[in-house]
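Asker: Sequence and predicted structure, then a few things I'm wondering about:
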Amino acid sequence: MSYESWGRSIASTPAGVIALRFPPSSLPTDDLLLPYGLGRSYGDVCLNNGHTLLSTSHMDHFRRFDTESGVLECEAGTSLDAIIRFAVPRGWFLPVTPGTKFVTVGGCIANDVHGKNHHRAGTFGRHVRSLTLLRSDGTLLRCAPDENAAMFAATIGGLGLTGLIVSASIALLRIESPAILAEKIPFRTLSEFDELSRAADATHDYSVAWFDSFGGREPRGIFFRGNHLRCSAGFQPAPPLATGGAGWKPALHRSRSRRFPMRLFSPLLMPFTIRLFNEAYFRANAHPHPQTIGFDPFFYPLDAVANWNAIYGPKGFLQYQFVAPDAAVPDVLERVATSRLASFLTVIKRFGALPSPGMMSFPREGTTVCFDFAASAQGLPQLLDDLDRLVLDSGGAVYPAKDSRMSAETFRRSFPQWEAFAKFVDPRFSSSFWRRVT
Amino acid sequence: MKVVIIGATSAIAQETARCFAAEGASFFLVARDAAKCAIVADDLRARGAAEAQTFIADLADFSRHAEIAAAAGRSDVVLIAHGSLPDQLVIDDDPAAQVAAFELNATSFISLAAHFATATETLAVIGSVAGDRGRRSNYVYGSAKAALHAYCEGLRGRGINVVLIKPGWIDTPMTAQMRKNPLFASAASAGQTIHEAILAKRAVVYVPWFWRWISLIVRMLPSRLVKF
């Protein structure tokens, strides 16, 4: 393990790493600590340079599973992949999932992650029934909406700073099939996207869109929407998923994801080729037809390539994700298009109004857009500073889980409640991100 | 299926047990640390185990081995997986520590294997590629594993189903201090390989598979070259 972050644009230089397999009864107090799960945060919220990381990905025991309610209690290092392997054959799925399953439950809570069903289900934190938190003074707190409620709220979206999340109870989602009924619909303007999105809120569990970042205020794109496939027989308390044959079985660990020499592709990531790619991608998907596909290609297309983050070469890449009121989005898109910088994967989604229990949660009602740029691109720092200004002036926020460059001012304006939150930060916990923005 | 796991809190044993748990196996778990063993038992129950009984014992205490075998009773699979990887540089000039490491990694295995040999359908033993050739960096651990390898061959000759597992580098707390390279495999994938090998009653299985060939080459090297 090298304990990097996913964007690879910041070197990870912890002074020490403590690998946990079983929940510790106390924590060392001689250095600043930060839990580190699977390192899928893009920037430095998961780094603790010059100090100590608590590696949690082997602290992954289940504690109990209630087959009636679908509540799973597990240790915080449990990956979403492990939960899926266990739950899907039994007829359950994650209540909320980000775009990769190679993240830990602790990381999902600390970043209060969201998924394609935010409009229906809110953030991951809404589905956390309770958690246990080990503080550096040795106390083990049980936190829930009705027990140590303030610490519960601070820990959801708390960037791992309130102590070591030891375990959590997550309410899983009943499914009748491991398949998704998915559709792709092309759009040619932002208002078309908006209409599709609002219509899907009422009819679809999941929705998200890709768009061409060269398109300016009125980009073309592809809108993806989907529902868990319902069995014609209706709800079955014990769906026939666990049986062989037609049922879904987890693939072997060793065959799940392939590594490729991604670096060889990095010269292709320049504006001209990405324009070509966007053209081809839009045309290829311009004729919509509903398809029944597995949940893997629907939720986790990039997980098929284990090291896709290496495509940007040795300098890595930056993701920039913000949320802002719908009306502010065209100006941001225009600023990106006029920069002529290429964003390879550009994603847009309308967040719903469901509140998160988390004090520092990023999602809020509005539109969220995510760009990714090669870290070495000329003019990138200026572009991102300009975007910060547009986003903040509209009352929006920039997402810490993907950030490695926002200024202290941007963070404080994105999360004006940060000073109240700071009172809950464990005095022996910190991160490279936290030191940078406070 | 009834599965006895000796050294149940070892990372590789736990991942193997999770595969059996998914099939609804019953477990008899033996470990030294009661709190950790209870965590492993809960994990297996939550994953579908029909039953998970725990038995706490220090396996370096051979006088308890008969008691363990009696309490476990007859079973389908016994997996012997306890052990420790000492830092060779630290014990180089410490005869007592070398003997203790050998006793835990070899003698206690042999004692347990002898107790369980006729009480189980399949006996699975964790050896190591380190036992295929003596190496400066781990020769006490390696020689203990080499003893097990020979012992298992003999038991097999007696007509007992013995699955000898030889892991290479596995990403576990035992190897937490080692620098990782592409030959490292995850404990989860090692567990799946071992689970399959036990069900197929294979005689010797390298984990992952490519160690069979690395080991073959390493064993053929002349002694004066083996100074790594």
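Answerer: Here it is on my side, so go on.
Asker: Mind giving me the packing neighbours of the helix or strand where residue A:202 lies?
Answerer: Assigning secondary structure by DSSP states H and E places residue A:202 in helix A:190-203. Judged by 3 or more CB pairs under 8 Å, 6 or more residues apart in numbering or on different chains; DSSP states H and E, the packing partners of helix A:190-203 are helix A:118-121, strand A:179-187, strand A:206-211, strand A:221-228, helix A:329-339, strand A:347-351. (C-beta placed from N, C-alpha, C; glycine too.)
Asker: Buried residues, that helix. List them.
Answerer: Within helix A:190-203, the residues that qualify as buried are A:190, A:192-194, A:196-197, A:200, counting by 16 or more other CB atoms under 10 Å in any protein chain shown.
Asker: next one: stretch A:299-310
Answerer: Buried residues in stretch A:299-310 (16+ other CB under 10 Å): A:299-300, A:303, A:308-310.
Asker: Looking at those residues, which are in helices?
Answerer: Judged by DSSP state H, the subset of those located in helices is residue A:299.
Asker: Just give me the closest of the buried residues of stretch A:299-310 to chain B.
Answerer: residue A:310 (13.7 Å; CB to the nearest CB).
Asker: my guess is the closest one meets residue A:262, correct?
Answerer: Yes - Residue A:310 is in contact with residue A:262 according to CB atoms under 8 Å; the separation is 3.9 Å.
Asker: quick one: contacts for the residue nearest to residue B:122 when sequence neighbours are not counted?
Answerer: Leaving aside its sequence neighbours, residue B:122 sits nearest to residue B:161 (CB to CB, 6 or more residues apart in numbering or on different chains; 4.5 Å). Residue B:161 makes contact with B:121-123, B:201, according to CB atoms under 8 Å, 6 or more residues apart in numbering or on different chains.
Asker: Three-state assignment for the residue lying closest to residue A:2 once chain neighbours are set aside, please.
Answerer: Counting by CB to CB, 6+ apart, residue A:2 lies nearest to residue A:12, which is 6.9 Å off, once chain neighbours are set aside. When states are read from DSSP: H, G, I helix; E, B strand; the rest coil, the local structure at residue A:12 comes out as coil.
Asker: Show the model's pLDDT score for the residue nearest to residue B:122.
Answerer: On pLDDT, residue B:161 comes in at 96.
Asker: And residue B:227, by the same measure?
Answerer: At residue B:227, the pLDDT value in this model is 65.
Asker: circling back: closest to chain A out of the contacts of residue B:161?
Answerer: Minimum distance to chain A across the contacts of residue B:161 is 19.6 Å, recorded for residue B:201 (CB to the nearest CB).
Asker: Next one: the nearest residue to the closest one once chain neighbours are set aside from residue A:357, what distance?
Answerer: Once flanking residues are discounted, residue B:201 sits nearest to residue B:161: 5.3 Å by CB to CB, 6+ apart. According to CB to CB, to the nearest Å, residue B:161 and residue A:357 sit 54 Å apart.
Asker: for residue B:2, what are its contacts?
Answerer: Shown in contact with residue B:2 (CB under 8 Å, 6+ apart): B:25-28, B:74-77.
Asker: Going by neighbour count, which of these comes out on top?
Answerer: Among the contacts of residue B:2, the one with the most neighbours (other CB atoms under 10 Å in any protein chain shown) is residue B:27, at 25 neighbours.
Asker: Wait, a strand at residue B:40?
Answerer: No - Residue B:40 is assigned helix when assessed by three-state DSSP, not a strand.
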